[in-house]
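>>> Give me the fold of what follows.
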Amino acid sequence: MISVQRHIQNIIIETDCKVAFLLIAGEPNLHHLHSNLLRDCRGLLNMIPQAQLKHVMRESNMAANVVAKIGAQSLLDFAILDECPLEVDLLCLVDQVGVCYPRL
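I've put the predicted structure just below:
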């Protein structure tokens, strides 16, 4: 919804959860336990003209995991980060120089 409110027209959403990816990107199943939530996810994706949902390996999603950990440790219920956290900046730098990680 934030993307819609900020009029973002082109976004790539990456997830390392293959099950969630397949449930959202696949054919709707009206009998699924979370069909209402999945319908809402698809509806939000359809509100953004060039939204892409991609599955990525966990190792390539380290920055998202760092941001999630920062959020879990926060006392706020919700926050929008206007600047990249230092930990994520460092991960991007490591990625730029080509450091490889073993697959978990």
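>>> which residues of this protein fall in strands?
10-15, 50-55 (DSSP state E).
>>> and the last one with strand 10-15, angle?
What it means is strand 50-55. Strand 50-55 runs at 20 degrees relative to strand 10-15, counting by axes from the mean of the first three to the mean of the last three CA atoms, to 10 degrees.
>>> for the strands of the chain, which one sits closest to Val67?
Closest of the strands of the chain to Val67 is strand 10-15, at 12.2 Å (criterion: CB to CB). The way it works is simple: take the backbone N, C-alpha and C, and place the C-beta from them, glycine included.
>>> So what touches that closest one?
3, 21, 45, 48-56, 60-61, 64 (CB atoms under 8 Å, 6 or more residues apart in numbering).
>>> circling back to that earlier point, go through the strands of the chain and name the closest to Ile70.
Of the strands of the chain, nearest to Ile70 by CB to CB is strand 10-15, at 17.6 Å.
>>> what lines up beside that closest one in the sheet?
When pairs are called by DSSP bridges, strand 10-15 turns out to pair with strand 50-55 (parallel).
>>> and the strand it pairs with, which residues are buried?
By 16 or more other CB atoms under 10 Å, the buried positions in strand 50-55 come out as 51, 53.
>>> Please save the CA atoms from that strand in CSV.
Extracted C-alpha coordinates of strand 50-55, given in CSV (Å, rounded to 0.1, in the frame of the first residue of the first chain):
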residue,chain,number,x,y,z
GLN,A,50,4.8,-2.7,-13.3
ALA,A,51,4.9,-4.9,-10.1
GLN,A,52,7.0,-8.0,-10.2
LEU,A,53,7.1,-10.8,-7.6
LYS,A,54,10.3,-12.9,-7.7
HIS,A,55,11.5,-15.8,-5.7
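>>> Contacts made by it with the rest, please.
So strand 50-55 is contacted by 3, 9-16, 18, 21, 24-25, 45 (CB under 8 Å, 6+ apart).
>>> Please state the backbone phi and psi of the residue lying farthest from the centre of the chain?
Farthest-out residue of the chain from its mean C-alpha position, per CA atoms, centre = their mean: His31, at 25.3 Å. Main-chain dihedrals, His31, degrees, to the nearest 10: phi -100, psi 0.
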